[in-house]
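> Sequence below, structure please.
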Amino acid sequence: MLLLDTTTPAGLGTERDAPTQRELRYDLVLAGCLFVLALISGALSSVSEFYGEYTADLVWVIPVAIGTTLPLAVRKKYPVSVAFVVVITFFLAQTFHVPEAFVSNVTMFIAVYTVGAWVNNRRRAVVARVAIMVGIVVWLLVSSFLSVRTAADDADVVSGAMSALLAVMLIQWLINAAYFGGAYYLGDHAYQAALSRQALRTLTAQLEEERELSAAQAVALDRVRIARELHDVVGHHVSAMGVQAGAARAIMATRPEGAAEVLKEVEQGARSAIDELHHLLDTLRDSTDAADAPSALRLADLDALARQATAAGTPTELTVVGEPRPLATLVETSLYRIAQEALTNARRHAGPDASADMRVRYSDASVELEVTNTGRVRAGARPGVGQLGMRERAIAIGATLHFGRREADAAGEVERSGYLVRVIVPLGERAGSASGEGSAA
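Numbers count the residues shown, from 1 in each chain. Below you'll find the predicted structure:
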């Protein structure tokens, strides 16, 4: 007998899904069509006396057709039971010479194939098919023995009959081996193919979920990026314009010339804000990499930022230590935005008499930006959107960020005064971190 490997390949599921309603309807159609063909085949075989003088009456074709075809309507629900019913009916029909042997051969093949293709209990599938094959072998042995004994009774033709009979029996054995071996193999192959299709559908669904998740994450990251950029642009310029407009209103009656100068700074700040917003919108609309855009902010622009902060009421000085060197556009823009946010926070929270100091230090291993102010520090203040934006920018460029109260040594005592923001960008391998208040020295 032919026994094939029925193990399940790694990575596939262990069970086949239940048949769908559409598949069950197809089985009903298949059973009906085969029943009609079995009746036609039986009628023609009866007319031609398929078994010669031993051919049974035509009326026996009807129960044989029912037993070999109609059970196939539920073959996917009860594959083992259907297979045994079809095979036993076929045995009986052949034993009693019922004139129908063509369609019943097809239905028996389908029944054995279905056991291999639809039974999830693979051990049960193997046992059922082996039992059917053993039954076929026993039946062939008995049939061959009876045929030999019948031919041996005819002494006149015994030698010739034996050689012809032997050839017929060998052909039957070979045909049955190929027949049931093919049904066995194709059933197992169909089962494994079904598992592969199920695994592929599952993988496709998972990939679709991951694609949707990635798309949602991309949208969320874009929203965060837009919010950070808008906060930096609008927050800095609008807060400065608000302070300057208030100063202009306060001195307009007594110092019209001074108010005009302040309003000129307000106008310039508005123009700068519009220019940066245009650059931001152009960057968002452009799907290509805009890292090298000519309007990108650089560390060289910190001097203009210091002048803007001074004009807005927070005197700011810029100091550059070391030899400036070209850096990646993302690094320079991020450092500029961090400095901008630090000055905006100083203007908002440090008080009207505060001053600020920016230092950029270049060394062989890193570039450092430090922004300090001399104003007051609110105790217990929660980190705001600006500090979150600074953290995100520092992480994006692999930098270390410190912010918190500024500590200064005065006459041997530690005196707290103002606020400190320090960013250190390693120029070699990046490993960024961001820490909050209490981490600055």
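> Apart from its neighbours in sequence, what residue is nearest Phe403?
Among residues not flanking Phe403 along the chain, Val421 sits closest, at 4.6 Å (Cβ to Cβ, 6 or more residues apart in numbering). In this view, the C-beta of every residue, glycine as well, is placed from N, C-alpha and C.
> quick one: that neighbour is in a strand?
Yes - with the criterion set as DSSP: H, G, I helix; E, B strand; the rest coil, the secondary structure at Val421 is a strand.
> count of residues packed around it?
25 (other Cβ atoms under 10 Å).
> isn't it right up against Gln340?
No - Val421 is not in contact with Gln340 according to Cβ atoms under 8 Å; the separation is 10.9 Å.
> how close does the closest residue to Tyr191 other than its chain neighbours get to Ala83?
Counting by Cβ to Cβ, 6+ apart, the nearest residue to Tyr191 once its immediate chain neighbours are dropped is Ala117, at 5.2 Å. Shown here: Ala117 relative to Ala83, a distance of 11 Å by Cβ to Cβ, to the nearest Å.
> next one: Tyr113
9 Å.
> before we move on, what about Arg359?
Arg359 sits at a distance of 87 Å from Ala83 (criterion: Cβ to Cβ).
> Quick one: residues contacting Asp17.
Asp17 makes contact with Ala194, Gln198 under the criterion Cβ atoms under 8 Å, 6 or more residues apart in numbering.
> helix, strand or coil for it?
Of the three states, Asp17 takes coil under three-state DSSP.
> so how far is Leu420 from it?
Counting by Cβ to Cβ, the gap from Asp17 to Leu420 is 64 Å.
> If you count contacts, what does the helix or strand encompassing Gly389 end up packed against?
Assigned by DSSP states H and E, Gly389 falls within helix 385-396. Taking 3 or more Cβ pairs under 8 Å, 6 or more residues apart in numbering; DSSP states H and E as contact, the helices and strands that helix 385-396 lies on are helix 158-251, helix 329-349, strand 400-410, strand 413-426, strand 433-434.
> mean confidence for that helix?
Mean per-residue pLDDT for helix 385-396: 80.
> returning to what we had before: comparing Arg359 and Ala83, which residue is more hemmed in?
Ala83 (28 against 15).
> Who are the contact partners of that one?
Ala83 touches Ala111, Val112, Thr114, Val115, Ala128, Arg129, Ile132, counting by Cβ under 8 Å, 6+ apart.
> about what we covered before: pipe the helices and strands packed on helix 385-396 into TSV and attach mean pLDDT and distance to Leu70 per row.
As requested, the helices and strands packed on helix 385-396 are exported to TSV (pLDDT from 0 to 100; distance: least, Cβ to Cβ, whole Å):
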stretch	mean pLDDT	distance to Leu70
helix 158-251	78	20
helix 329-349	84	74
strand 400-410	72	79
strand 413-426	74	80
strand 433-434	47	75
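> Give me whichever of those is most buried.
Between those, helix 329-349 has the highest mean count of neighbours, a mean of 22, where neighbours are mean count of other Cβ atoms under 10 Å.
> CA atoms only: put stretch 194-214 into PDB for me.
What follows is stretch 194-214, C-alpha atoms only, in PDB (Å, rounded to 0.1, in the frame of the first residue of the first chain):
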ATOM      1  CA  ALA A 194      -5.500  24.700   1.700                       C
ATOM      2  CA  LEU A 195      -3.400  25.300   4.800                       C
ATOM      3  CA  SER A 196      -1.000  27.300   2.700                       C
ATOM      4  CA  ARG A 197      -3.800  29.400   1.300                       C
ATOM      5  CA  GLN A 198      -5.200  30.000   4.800                       C
ATOM      6  CA  ALA A 199      -1.700  31.000   6.000                       C
ATOM      7  CA  LEU A 200      -1.300  33.400   3.100                       C
ATOM      8  CA  ARG A 201      -4.700  35.000   3.800                       C
ATOM      9  CA  THR A 202      -3.800  35.400   7.500                       C
ATOM     10  CA  LEU A 203      -0.400  36.900   6.500                       C
ATOM     11  CA  THR A 204      -2.100  39.300   4.000                       C
ATOM     12  CA  ALA A 205      -4.600  40.400   6.700                       C
ATOM     13  CA  GLN A 206      -1.700  41.000   9.200                       C
ATOM     14  CA  LEU A 207       0.200  43.000   6.600                       C
ATOM     15  CA  GLU A 208      -2.800  45.000   5.800                       C
ATOM     16  CA  GLU A 209      -3.300  45.800   9.600                       C
ATOM     17  CA  GLU A 210       0.400  46.700   9.800                       C
ATOM     18  CA  ARG A 211       0.100  48.900   6.800                       C
ATOM     19  CA  GLU A 212      -2.900  50.700   8.300                       C
ATOM     20  CA  LEU A 213      -1.000  51.000  11.600                       C
ATOM     21  CA  SER A 214       2.000  52.400   9.800                       C
END
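> Work out the gap between that stretch and the centre of the chain.
The gap between where stretch 194-214 is centred and where its chain is centred comes out at 7 Å by Cα atoms, centre = their mean, to the nearest Å.
> So that it lines up with my notes, have the first residue be 8 from now on.
Sounds good: first residue 8 from here, last item stretch 201-221.
> by how many degrees do the helix holding Gly396 and helix 336-356 diverge?
For helix 392-403 against helix 336-356, the angle by axes from the mean of the first three to the mean of the last three Cα atoms, to 10 degrees is 160 degrees.
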